[in-house]
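Participant: Here is the input, now give the coordinates:
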Amino acid sequence: MDKSSSGVGVLDKAALVLSALESGPATLAQLVASTHLARPTAHRLAVALEFHRLVARDMQGRFVLGPRLAELAAAAGDDRLLAAAGPILIALRDHTHESSQLFRRQGDQRVCVAAAELPMGLRDSIPVGATMSMLAGSAAQILLAWEEPERLHRGLHGASFNATMLSAVRRRGWAQSVGERELGVASVSAPVRGASGRVLAAVSISGPIERMGKQPGRIHGSAVVAAGNRLSEFLRRIEDN
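Facilitator: This next block holds a predicted model:
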């Protein structure tokens, strides 16, 4: 096999397009010239990569590398967020007396990447690695609320929440869920932001409705927001150093 070929033709061609954009913006004609792909193939691949945010357009309509690449690069590096999350989640658990979690979005799912469980008593146990829907729950609301309009609109299809609810989430800075993800369970979540201000994760607490109440955000919203702010500040300090 050719060392420049993986044996999966469409991936090799997509890699050619991305490599061609490494040197800067390119028109379709320039992509064709640098990749030696047929014009329809180059266009089809560039548009498909644009859909997945691996490619974007500049003000002149030229193709450029997309924002998803920077997000993947950040995730591939040292996971400083998880390193800082442990003690903050423990402090949040001890303050609220509810289990705490940190969620990240992966495509159409969200994944629990860190957690601090109550040692005993009635609790909502969400193990690290648990994969959950983006269609329900306060963490899903947080991870969707600040997305670009098109992605936000797509994310609302089939969701238990709507655009008006997400507008309220953006205004107050936290989201709540009462029986939305699971009967009898309530939760409150807030955003964790990177240095650019982009929402990278959602910090949450969850527990039984009989203990958290039907308006858990009024009770715990400020504590969860404070935890999210502490994690965000940690990330900003790391980026500044």
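
Participant: can you give me the helices in the chain?
Facilitator: 9-21, 28-35, 39-51, 67-76, 80-96, 138-145, 149-155, 163-172, 209-212, 216-240 (DSSP state H).

Participant: Which of those helices comes out lowest on mean pLDDT?
Facilitator: Of all the helices of the chain, mean pLDDT reaches its minimum on helix 67-76 (a mean of 74).

Participant: Give the burial count for the closest residue to R57 other than its chain neighbours, as a bare number.
Facilitator: Closest residue in space to R57, ignoring its immediate chain neighbours: F63 at 6.4 Å, by C-beta to C-beta, 6 or more residues apart in numbering. No exception for glycine: its C-beta is placed from N, CA and C like everyone else's. Around F63 there are 25 other residues, counting by other C-beta atoms under 10 Å.

Participant: Would you agree F63 is in contact with V47?
Facilitator: No. Between F63 and V47 there is no contact under C-beta atoms under 8 Å: 9.2 Å.

Participant: separation between H43 and L31?
Facilitator: 8 Å (C-beta to C-beta, to the nearest Å).

Participant: Which of the two has more residues huddled nearby?
Facilitator: L31 (24 against 16).

Participant: follow-up on the earlier one: mind putting the helices of the chain into JSON lines with distance to R198?
Facilitator: Output for the helices of the chain, formatted as JSON lines (distance: least, C-beta to C-beta, whole Å):
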{"stretch": "helix 9-21", "distance to R198": "21"}
{"stretch": "helix 28-35", "distance to R198": "28"}
{"stretch": "helix 39-51", "distance to R198": "19"}
{"stretch": "helix 67-76", "distance to R198": "8"}
{"stretch": "helix 80-96", "distance to R198": "13"}
{"stretch": "helix 138-145", "distance to R198": "11"}
{"stretch": "helix 149-155", "distance to R198": "12"}
{"stretch": "helix 163-172", "distance to R198": "14"}
{"stretch": "helix 209-212", "distance to R198": "29"}
{"stretch": "helix 216-240", "distance to R198": "10"}
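
Participant: Could you say which one of those helices comes nearest to P127?
Facilitator: helix 80-96 (13.6 Å; C-beta to C-beta).

Participant: Would you mind writing the CA trace of the closest one as CSV?
Facilitator: What follows is helix 80-96, C-alpha atoms only, in CSV (Å, rounded to 0.1, in the frame of the first residue of the first chain):
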residue,chain,number,x,y,z
ARG,A,80,-6.5,20.5,32.6
LEU,A,81,-10.2,20.8,33.1
LEU,A,82,-10.5,17.3,34.6
ALA,A,83,-7.5,17.9,36.8
ALA,A,84,-9.2,21.0,38.4
ALA,A,85,-12.7,19.5,38.4
GLY,A,86,-12.2,16.9,41.2
PRO,A,87,-11.9,19.3,44.3
ILE,A,88,-14.5,21.7,42.9
LEU,A,89,-17.1,19.0,42.4
ILE,A,90,-16.4,17.7,45.9
ALA,A,91,-16.8,21.2,47.4
LEU,A,92,-20.1,21.6,45.4
ARG,A,93,-21.3,18.2,46.6
ASP,A,94,-20.5,19.1,50.2
HIS,A,95,-22.1,22.5,50.0
THR,A,96,-25.4,21.4,48.3
